[in-house]
Every structure is written in C-alpha cells, then in structure tokens.
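**Student:** Below is the structure, and that's it, no one-letter string:
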Ligand SMILES: Nc1ncnc2c1ncn2[C@@H]1O[C@H](COP(=O)(O)OP(=O)(O)OP(=O)(O)O)[C@@H](O)[C@H]1O
C-alpha cells in the first residue's frame with residue numbers, strides 16, 4: 001500500500017473533523033482579509049476628511065467583531081484539526097502495538113527494541129505534526145496566498161501586486177528542492193536516533209554486566225559516539241533549515257522593498273490612494289506567514305513522510321504465526337503430545353536443531369528432557385507453544401496437528417515457566433496472577449505455596465503488594481524463579497512446561513516443589529527440562545537429547561540399564577558430587 005493510502009485510511013475516519021477544521025480555517029483566513037481594507041478606508045476617510053467620528057467608530061466595531069470571529073475561529077480549527085491528528089496518532093499507536101503483539105519471537109530477535117521504541121515516540125510525533133499542524137500550514141500557504149493576492153489585485157493595483165509577488169515565485173521552486181533534501185536528511189536522523197535509543201536501552205538492561213566487567217568508561221565512550229552521530233545527523237537537518245529560513249526572510253524583504261518603491265511612486269503620482277498603499281503594505285506583511293507556513297509545511301510533510309515510511313514497514317511485516325483458515329473448532333486440550341519424526345531448523349542455520357524426534361506422551365505423563373547445553377531442549381518446548389512453525393504432522397496435541405489448533409486455545413492450555421524468569425514491573429500479586437482471569441488472592445497464595453515462595457513473599461514488608469523492579473531486580477534469582485513457577489501453576493493448565501525452572505533453588509526446596517507438583521498435577525502432562533538428574537529421575541519418561549537427536553528414551557531405571565549417555569551423566573554427577581551437567 002502506498003504511504004499516502006495508508007495514512008488516508010486513518011484520515012478518512014475523521015473526515016468530519018477535518019472538514020469542520022478546514023471550513024473554520026477558511027472563514028478565519030477570509031475574515032482576516034477585511035482588516036487591511038478597513039484600515040485603508042479609515043486612512044482614506046481621515047485624509048480626505050470624508051469620515052467623521054461615527055464612521056471611525058463603525059469601522060472599529062467592525063474590526064472588533066472581526067477580531068472576535070478570528071479568535072473563535074482559531075480556537076475551533078485548533079480543536080478540530082489538532083484533535084483529529086491526536087486521535088489518529090492514538091489509533092496508529094494502538095494499531096502498531098496490536099500488530100507487533102502478533103509478530104513472532106523471530107521478529108523480535110531480528111529487530112532492535114530501541115528502534116521499535118523510536119517508531120512509537122518520535123516517528124509517531126512527526127506523523128502527527130504532518131497530519132495536523134502541517135495541514136493548517138499548507139492550507140494557509142495556498143488558500144491565504146491566493147486570497148491575499150486576489151485582494152491586492154482587486155483592491156489596490158494589479159501591476160504592483162505582480163511585481164511584489166515575483167520574488168515569491170522563487171520560493172515555490174526552491175521549496176520543492178528543499179522538501180526532497182530534508183526528507184533524506186530526516187530519514188538518516190531517525191535511523192541515528194533509533195541506534196542511540198537502542199544503545200541506551202541495552203546499557204540500562206545490562207547495567208549489572210557493565211559494572212561487573214568495569215566497562216563504564218568504555219560504555220561512556222561508545223555512548224558519546226552514538227550521541228555524537230545522532231547530534232551530527234540532527235545538525236545536518238538543522239543546517240538546511242538554517243539556510244532556508246533566512247532566505248525566506250530575504251525574499252519577503254525584497255517584496256516589501258518593491259512595494260515601498262513602486263507603491264510609494266504610485267501613491268505619490270495619485271494612481272492609488274494613501275489608504276490603499278497602507279492596506280497593500282499590510283497585505284504584504286500578511287503574506288509573510290503563508291510563505292513561512294509553506295516552508296514549515298514542507299518541513300513537517302517531509303519529516304512526517306519519512307517517519308510514516310518507517311511506521312509502515314512495521315505494518316508491512318506479516319505475522320509468521322497465525323491461525324490458519326481451516327483451524328479446528330476446539331476449546332480445550334487434554335494434554336496428549338506426539339512428536340512424529342519432528343525435525344526443525346532455526347532460521348539462518350544450515351543444520352537442523354532437532355532431528356527426527358518421535359515420541360508419544362500420554363495425558364498425565366511427566367516427561368523430562370535432559371541434554372547438554374545448546375542441544376535443542378528449549379527449542380522443543382518452544383515448538384509446543386507454537387512460537388515457531390513446524391511442518392504438518394510432525395507435532396500433534398490430542399492427536400491434532402498443532403497448526404490446526406487455535407493459538408489462543410493452545411497457549412491458554414499450556415502453563416510455561418521460561419528459562420529467563422522474566423517478571424513485569426508490577427506487584428508480586430499481579431505477576432503471579434498474570435495469566436489468570438482475575439487477582440483471586442486464594443488462588444495466588446495457593447500457587448505461591450506450591451512453588452515454595454509464599455513464605456518469602458509474606459516476609460516482605462508489603463507482602464504480595466511488593467513491587468518487583470524492572471526484570472525483578474529486588475528479588476533474588478531463586479525468588480524470581482519460584483514466583484515465575486507460581487505464575488504458571490495458577491493456570492492449572494493441562495500441560496505444564498518448566499524450562500530449567502529449578503536451577504536456582506536448593507535441593508531441599510526442589511524436592512518440595514517436585515512433591516507438590518506430583519500431588520497437584522495428577523492426570524496432567526508436565527514437561528521438565530533440567531540439567532540435574534535429581535530433578536528428573538522420577539519422571540515417567542526421560543528423553544536424552546544429544547546434538548538434536550533423541551538418543552535415549554525411557555524411565556530412569558531403563559536408561560541406567562542401557563549404559564549410555566544418561567548413565568554417564570548420572571555417574572559423573574554422583575562422582576563429582578556436583579549436581580549439574
Ligand atoms: N531463535 C533462534 N534463532 C536461531 N537459532 C536459535 C534460536 N534459538 C535457539 N537457537 C539455536 O538453537 C540451538 C539450540 O538452542 P536451545 O536454546 O534450544 O538449546 P538448549 O538445549 O535449550 O540449551 P540450554 O540448555 O543452554 O538452555 C542453539 O544452537 C541455538 O543457538
């Protein structure tokens with residue numbers, strides 16, 4: 001879709017406001033034209049002594065009424081046009097957020113957060129200026145110029161008018177070039193601002209690593225470089241504006257000079273009256289604003305256009321993961337899982353991350369997945385959440401291909417404890433109840449008890465109302481992990497996935513949580529990914545992933561008998577007295 005069509009779709013929704021705004025703007029511009037005429041009439045009347053005090057009073061009352069109309073009109077066009085542009089900005093922001101929520105995790109791997117944030121802030125702001133204030137500027141520039149010039153020709157003198165507006169012709173030509181140049185420079189500036197925002201965002205998120213590695217100085221240097229780059233690009237834009245704006249003044253000054261010389265001559269020779277000469281000067285001054293407005297409009301249109309292109313690229317990206325048209329009409333999931341020759345290659349990889357995995361997991365089974373780091377354990381559970389697409393028939397849930405299960409139903413029926421235990425900057429209560437229908441305190445405390453974090457939470461002065469800082473900085477790693485488990489358990493879903501979710505808890509607590517899971521998840525499917533054999537040895541099925549292949553599958557006793565990778569891992573952990581792989 002063309003950029004103009006894209007924004008027009010939004011403008012169309014507010015056409016009444018735009019129409020009302022433009023009509024009031026027209027009335028204001030039209031009313032404005034009468035003030036110089038009235039001053040001209042007063043000047044002529046007083047010079048020729050044909051106007052008495054009553055006549056002056058009448059003119060003044062008329063000027064006052066015009067002023068009043070202008071004030072009300074200016075309020076109204078601001079209300080209509082600025083209001084419409086604010087509403088469009090609001091709708092675009094909502095739509096962009098909703099669109100981005102549909103994008104796959106892959107999209108977020110490929111796009112920088114800072115860059116996306118810039119599109120939500122300064123790009124949207126530039127778009128708003130181009131559909132609000134810029135519309136006013138361009139309307140004034142075109143309509144007001146035409147009206148003023150017509151008035152000058154009709155009321156004063158055609159020759160004088162033509163002579164005075166010749167320099168302004170150069171402005172129109174120059175501004176076309178100016179628009180092109182500023183558009184290019186503005187695109188570069190926005191890209192620099194995105195990089196800079198991204199740098200700030202990453203530095204704050206990674207502040208612990210920066211401090212631990214004593215990289216503050218290096219970061220400051222890199223920051224100054226990114227900052228300088230953004231400033232240079234900003235200056236690039238400003239320099240162009242700085243050259244063009246004074247040039248406008250020069251041209252306008254030239255017009256005034258011509259008016260004074262030739263207009264003065266016409267007034268002296270009696271070709272025009274003194275009042276008309278005065279009025280003409282006022283009209284020339286009134287032309288200053290439309291000329292400046294034209295420059296401003298080109299500025300705002302160019303910047304808004306460049307920003308709109310950047311916003312449109314977000315909308316142009318199609319979500320990769322969505323409900324197919326033939327999606328099944330299901331609203332519940334029991335929890336039976338089938339991996340059928342499942343092979344999966346990550347984008348950008350040449351070798352499959354998962355190779356030919358076949359396994360039947362009946363409802364109510366506890367499946368454990370072990371394997372060295374980078375062997376595809378997280379990828380496997382991410383496929384279950386349909387975060388990546390799998391080929392038809394390779395992954396079935398309740399006997400149904402995962403691609404035919406509505407995403408909402410699938411994800412609502414899976415409780416997931418991610419490896420990074422991300423918590424939102426909100427209360428612990430809200431974090432735990434995140435996936436639940438409401439903040440039911442009974443359910444929240446029950447989930448917290450099952451994940452052995454209740455005692456920690458109640459020990460905080462604010463208890464469940466404790467605010468968790470960004471990424472849960474006020475909590476210890478283990479507390480964060482157990483809060484994240486509570487958030488999953490409150491869903492009481494038919495499938496629970498715990499991706500290395502007990503790595504930060506001590507063995508006693510781990511035992512406690514596993515016992516709670518066993519008691520509370522009877523007849524429900526649980527998938528545990530772990531590095532410690534102690535975590536998974538009681539699972540019904542253990543799958544050993546090695547280089548993406550399911551090398552060994554069976555219970556603890558069966559795998560110990562095979563005398564393969566699993567037994568090797570087990571013995572190493574026993575021997576080293578260490579629990580981890
Ligand atoms: N989104 C992605 N895009 C491309 N490659 C990826 C992506 N996610 C993971 N990988 C790659 O897939 C491989 C398996 O990663 P995965 O996270 O599934 O391993 P893991 O067994 O869970 O590791 P760990 O035990 O360290 O968590 C790795 O080589 C990793 O680099």
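**Tutor:** All right, it came through fine. Quantities reported herein were computed from a predicted structural model and do not represent experimental measurements. Residues are numbered from 1 along each chain as shown.

**Student:** Which helix or which strand is home to the closest residue to the ligand within the stretch 1-150 of the chain?
**Tutor:** The ligand sits closest to residue 109 of the stretch 1-150 of the chain, with a gap of 5.1 Å, by CB to the nearest ligand atom. All C-beta spots, glycine's among them, are computed from the backbone N, C-alpha and C. Per DSSP states H and E, residue 109 falls inside helix 105-110.

**Student:** got the buried residues for that helix?
**Tutor:** The neighbour-count check on helix 105-110 (16 or more other CB atoms under 10 Å) flags 106-107 as buried.

**Student:** again, but for stretch 476-491
**Tutor:** Buried residues in stretch 476-491 (16+ other CB under 10 Å): 478-491.

**Student:** Regarding this protein, what is its longest helix?
**Tutor:** For the chain, the longest helix by residue count, based on DSSP state H, is helix 158-205.

**Student:** and after that one, which helix or strand comes next?
**Tutor:** By DSSP H and E, the next helix or strand past helix 158-205 is helix 207-212.

**Student:** Determine how far that following helix lies from the middle of the whole chain.
**Tutor:** Chain-centre distance of helix 207-212: 27 Å, with CA atoms, centre = their mean, to the nearest Å.

**Student:** Can you name the next helix or strand after it?
**Tutor:** Next along from helix 207-212, by DSSP H and E: helix 216-258.

**Student:** ok, then the element right after that following helix?
**Tutor:** As assigned by DSSP H and E, the chain's next helix or strand after helix 216-258 is helix 264-268.

**Student:** Looking at the buried residues of stretch 476-491, which is nearest the ligand?
**Tutor:** Using CB to the nearest ligand atom, residue 481 comes nearest to the ligand of the buried residues of stretch 476-491, at 14.3 Å.

**Student:** Look at that closest one and report its pLDDT.
**Tutor:** pLDDT, residue 481: 94.

**Student:** That one in helix, strand or coil?
**Tutor:** helix (DSSP: H, G, I helix; E, B strand; the rest coil).

**Student:** That one and residue 503, how far apart?
**Tutor:** Applying CB to CB, to the nearest Å, the value for residue 481 to residue 503 is 7 Å.

**Student:** again with residue 454
**Tutor:** Distance from residue 454 to residue 503, by CB to CB: 21 Å.

**Student:** quick one: contacts for the residue nearest the centre of the chain?
**Tutor:** What sits nearest the mean C-alpha location of the chain, by CA atoms, centre = their mean, is residue 120, with 3.7 Å. Counting by CB atoms under 8 Å, 6 or more residues apart in numbering, residue 120 makes contact with 93, 96-97.

**Student:** Let me know the helix or strand that residue 127 is in.
**Tutor:** Following DSSP H and E, one finds residue 127 within helix 124-131.

**Student:** Which is the succeeding secondary structure element to that helix?
**Tutor:** Remark: after helix 124-131, the chain's next helix or strand is helix 133-139, criterion DSSP H and E.

**Student:** Can you get me the centre-to-centre distance for that next one and its chain?
**Tutor:** 26 Å.

**Student:** on contacts alone, who are the packing partners of it?
**Tutor:** helix 15-32, helix 274-316 (3 or more CB pairs under 8 Å, 6 or more residues apart in numbering; DSSP states H and E).

**Student:** show me where pLDDT drops low in the stretch 401-550 of the chain?
**Tutor:** Applying pLDDT under 70 to the stretch 401-550 of the chain flags the ranges 470-473.

**Student:** got the residues of the protein near the ligand?
**Tutor:** Neighbours of the ligand within the chain, by CB under 6 Å from any ligand atom: 109, 346-349, 353, 371, 373-379, 419.

**Student:** what about burial for those, which qualify?
**Tutor:** In the residues of the chain next to the ligand, burial by neighbour count holds for 353, 371, 375-379, 419, counting by 16+ other CB under 10 Å.

**Student:** farthest-separated two in those residues?
**Tutor:** 353 and 419 (15.6 Å; CB to CB).

**Student:** And this protein, what are its domain boundaries?
**Tutor:** For the chain, automatic domain parsing gives the domain ranges 3-316, 417-492.

**Student:** Tabulate those (TSV), appending distance to residue 404.
**Tutor:** Formatted as TSV, the domains of the chain follow (distance: least, CB to CB, whole Å):
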stretch	distance to residue 404
domain 3-316	18
domain 417-492	23
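
**Student:** Could you check how far residue 163 is from residue 272?
**Tutor:** Shown here: residue 163 relative to residue 272, a distance of 13 Å by CB to CB.

**Student:** One more: residue 289?
**Tutor:** For residue 289, the distance to residue 272 equals 24 Å [CB to CB].

**Student:** Just give me the neighbour total for residue 15.
**Tutor:** For residue 15, the count of nearby residues is 11 (other CB atoms under 10 Å).

**Student:** packing partners for the next helix-or-strand element following the helix holding residue 109?
**Tutor:** From helix 105-110 onward toward the C-terminus, using DSSP H and E, the following helix or strand is helix 113-118. Using 3+ CB pairs under 8 Å, 6+ apart as the contact test, the elements touching helix 113-118 are helix 158-205.

**Student:** Let me see the contact set for residue 106.
**Tutor:** Per CB under 8 Å, 6+ apart, neighbours of residue 106: 320, 347, 388.
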